[in-house]
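In: Let me see the structure of the following:
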Amino acid sequence: MTRRDRDDEKRHEVDTRKGAWQAVAGLAGLRLNKHPKYCADIWRQTLYAHTSSTQVLHSIVSLTHQPQEMMASSSSAQETGRWSLAGATALVTGGSKGIGRAIVEELASFGATVHTCARNEATLNSCLEEWSAKKLSITSSVCDVSARADREALAGRVTAMFDGKLDILVNNVGFLFLKPAVNVTPEELSRVMAGNLESCFHLSQLMHPLLKTSGKGNVVNISGISTVTGFPSLPICAFCAAKGAMNQIKLPRA
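Out: Residues are numbered from 1 along each chain as shown. Below is the predicted model:
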């Protein structure tokens, strides 16, 4: 591997960690301006991590399901160490790789029971072998979240598996393709909207009864900087539009 390849790999690794950090911060409802020093420490760890371990995410993930009485103290996480997610249930879409996989593993490492889904069964099975070896409580199923029938089937499985209660929903799946906006076909536009926006909206609807039953449900939608910058140098206009819409649906839904 050349030095350039190693640098590219390292940059990708940092991007993945940064994305997972942002995701779990959202789960915690964390207000960065109220935790400036703590978040600065996590940010620094995330940006300069150089190993394949996801351990740099532990501190921030620990905020995702802490007891209400502990939410008031911004320093308690540092003083107490890792929180326990024992008894918590979570659904993470697209958890077989990238940011989704990092979130799945972190939640499970804190004791949560996690179900994840992806389109590739072979990849999921490979992940399950690794997770089983680590004694993590993770199950999976094949699901194309861009398909309404698949989403409804997933909801049925999760409802039965978790006895009608869900504590954490992570809409992580992201689908994109590289193509100039003027060349995007109606079918391609529908596909990218279904995979990003529609899946997020519909799964949140389907999981709402389970999250409500929990009494402390958390929802996080994985968006991205592309919703702000648009990445004019990359032909991903449809993706940016879909993720930008995701940012808006969270406001009235909340």
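In: Please count neighbours and contacts with C-alpha atoms only from this point.
Out: Will do.
In: Which other helices and strands does the helix or strand containing Val170 contact?
Out: Following DSSP states H and E, one finds Val170 within strand 168-171. For strand 168-171, the packing partners by 3 or more C-alpha pairs under 8 Å, 6 or more residues apart in numbering; DSSP states H and E come out as strand 89-93, helix 199-214, strand 218-221.
In: mind checking which of the ones you listed is nearest Val158?
Out: Val158 sits nearest to strand 89-93 of all these, at 7.8 Å, using C-alpha to C-alpha.
In: So for the strand holding Val170, mean pLDDT?
Out: Averaged across strand 168-171, pLDDT comes to 96.
In: quick one: the helices in the chain?
Out: Listed in chain order, the helices of the chain (DSSP state H) span 3-28, 36-47, 58-61, 76-80, 98-109, 121-133, 148-161, 186-193, 199-214, 226-229, 237-253.
In: So what touches the last one?
Out: This points to helix 237-253. For helix 237-253, the external contacting residues (C-alpha atoms under 8 Å, 6 or more residues apart in numbering) are 175-177, 180-181, 189, 192-193, 196-197, 200-201, 221, 223-224, 226-228, 230.
In: buried residues in that helix?
Out: Cys237, Ala238, Phe239, Cys240, Ala241, Ala242, Lys243, Gly244, Ala245, Met246 (16 or more other C-alpha atoms under 10 Å).
In: hmm, back to that, confidence-wise, which of the helices and strands packed on strand 168-171 is weakest overall?
Out: Among the helices and strands packed on strand 168-171, strand 218-221 carries the lowest mean pLDDT, at a mean of 90.
In: Can you name every helix or strand that it contacts?
Out: Secondary elements touching strand 218-221 (3+ C-alpha pairs under 8 Å, 6+ apart): helix 3-28, strand 168-171, helix 199-214.
In: mind redoing it with 7 Å?
Out: In terms of contacts (3 or more C-alpha pairs under 7 Å, 6 or more residues apart in numbering; DSSP states H and E), strand 218-221 is packed against helix 3-28, strand 168-171.
In: thinking Gly217 is in contact with Pro209, fair?
Out: No. Using C-alpha atoms under 7 Å, Gly217 is not in contact with Pro209; the gap is 9.9 Å.
In: higher neighbour count, those two?
Out: Using other C-alpha atoms under 10 Å, the more surrounded residue of Gly217 and Pro209 is Gly217, with 22 against 15.
In: where does the stretch 51-200 of the chain dip in pLDDT?
Out: Applying pLDDT under 70 to the stretch 51-200 of the chain flags the ranges 51-82.
In: again, 80 this time
Out: Applying pLDDT under 80 to the stretch 51-200 of the chain flags residues 51-83.
In: What is the end-to-end distance of stretch 172-190?
Out: End-to-end distance of stretch 172-190: 19 Å, with C-alpha to C-alpha, to the nearest Å as the criterion.
In: and Ser141, how many residues sit next to it?
Out: Counted with other C-alpha under 10 Å, the neighbours of Ser141 add up to 18.
In: That one: what's its closest spatial neighbour, skipping adjacent residues?
Out: Among residues not flanking Ser141 along the chain, Cys117 sits closest, at 5.0 Å (C-alpha to C-alpha, 6 or more residues apart in numbering).
In: residues contacting the one you found?
Out: Cys117 sits next to Thr93, Gly94, Gly95, Ser140, Ser141, Val142, Cys143 when contact means C-alpha atoms under 7 Å, 6 or more residues apart in numbering.
In: Thank you kindly, that will do.
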